[in-house]
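>>> starting from these lines, generate the structure:
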Amino acid sequence: MNIAIDKLESASETLKAIAHPIRISIVGLLDSDSELSVTEIYEALKIEQAVASHHLSILKNKDVLIVNRVGKNCFYKLKHPQLSQIITCIETCQK
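Residues are numbered from 1 along each chain as shown. Model prediction:
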């Protein structure tokens, strides 16, 4: 398999951004084309709102997520829905 170095570098940055238990969980919540608010995310993960916002900001700044602002609410979704396959890979590879 010959993948261009620039694509490998980009993939490495994306994987580094995701490489935290909370951020992996966020990616798992946002599978396929789902779009969730900050409130829906922190309630689903049972974490504080500030913690969720911190991790969402990291994912957004690393181009993993895109945000859609509607009034005072922000809704997040995966920039590349295929990233949800990482969760499947993790589940399959762990014993």
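>>> name the element the residue sitting nearest the centre point of the chain belongs to?
Closest residue to the average C-alpha location of the chain: V27 at 3.5 Å, with CA atoms, centre = their mean. Using DSSP states H and E, V27 maps to helix 21-29.
>>> ok, residues contacting that helix?
Outside helix 21-29, the residues that touch it by CB atoms under 8 Å, 6 or more residues apart in numbering are 17-18, 36, 41, 44-45, 47, 51-52, 55-56, 58-59, 64-65, 76, 78, 83-84, 86-87, 90. Placement of C-beta: from N, CA and C, glycine included.
>>> buried sites along that helix?
22-23, 25-29 (16 or more other CB atoms under 10 Å).
>>> ditto for stretch 61-79
Buried, per 16+ other CB under 10 Å, within stretch 61-79: 62, 64-65, 74-79.
>>> and it, end to end?
Length of stretch 61-79, first residue to last, CA to CA, to the nearest Å: 11 Å.
>>> now stretch 77-85
14 Å.
>>> tell me the mean pLDDT for it?
In this model, stretch 77-85 carries a mean pLDDT of 86.
>>> ok, stretch 31-40 next?
For stretch 31-40, the per-residue pLDDT averages 87.
>>> chain center to it, what's the gap?
Between the centre of stretch 31-40 and the centre of its host chain there is 10 Å, according to CA atoms, centre = their mean, to the nearest Å.
>>> re earlier: Serialize the buried residues of helix 21-29 to CSV and add fields for distance to D6.
Formatted as CSV, the buried residues of helix 21-29 follow (distance: CB to CB, whole Å):
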residue, distance to D6
I22, 29
R23, 23
S25, 29
I26, 26
V27, 23
G28, 28
L29, 30
